[in-house]
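Visitor: give the three-dimensional model of this entry:
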Amino acid sequence: MTKAPYKVRRAGWVAGARVAKGDTVWLTPAEAKYEPAAMIAPVPAKTRPGRKAPVKAAEVAS
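Guide: Predicted coordinates:
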């Protein structure tokens, strides 16, 4: 199982460690199931914006 970051909702013991409210801990989903912690949403990697196509001038009909 892969560990993910979780934010602790209240001070106390989480997975055998003493933590304060708001601390970030790394837990597996199985460990986090019974702990007072909420998963931190993953931040998507910033991608470089694509190039815009050049604007074509409208052909002027005579």
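Visitor: residues touching the residue most central in space within the chain, list them.
Guide: Most central in the chain under Cα atoms, centre = their mean is P42, positioned 1.6 Å from the mean C-alpha point. Contact analysis of P42 by Cβ atoms under 8 Å, 6 or more residues apart in numbering lists A4. C-beta coordinates here come from the backbone N, C-alpha and C atoms, glycine included.
Visitor: helix, strand, or coil at it?
Guide: Classification of P42 using DSSP: H, G, I helix; E, B strand; the rest coil returns coil.
Visitor: quick one: pLDDT of it?
Guide: Listed pLDDT for P42 reads 75.
Visitor: E31 belongs to a helix?
Guide: Yes - judged by three-state DSSP, E31 forms part of a helix.
Visitor: per-residue pLDDT, V60?
Guide: 51.
Visitor: and stretch 23-36, how far apart are its ends?
Guide: 11 Å (Cα to Cα, to the nearest Å).
Visitor: with stretch 16-35 instead?
Guide: 10 Å.
Visitor: ok, stretch 15-25 next?
Guide: 9 Å.
Visitor: likewise stretch 25-34?
Guide: In stretch 25-34, first residue to last residue: 14 Å (Cα to Cα).
Visitor: next one: stretch 30-48
Guide: Its first and final residues considered, stretch 30-48 spans 36 Å by Cα to Cα.
Visitor: in that stretch, which residues are buried?
Guide: For stretch 30-48, burial by neighbour count (16 or more other Cβ atoms under 10 Å) applies to E31, A32, E35, A37.
Visitor: just how off-centre is that stretch within its chain?
Guide: 5 Å (Cα atoms, centre = their mean, to the nearest Å).
Visitor: got it, and stretch 42-54?
Guide: Centroid separation for stretch 42-54 versus its chain: 18 Å, with Cα atoms, centre = their mean.
Visitor: equivalent analysis for stretch 4-23, please.
Guide: A distance of 17 Å separates the centroid of the chain from that of stretch 4-23, by Cα atoms, centre = their mean.
Visitor: that one: which residues count as buried?
Guide: For stretch 4-23, a neighbour-count test (16+ other Cβ under 10 Å) marks Y6, V8, V14, V19 as buried.
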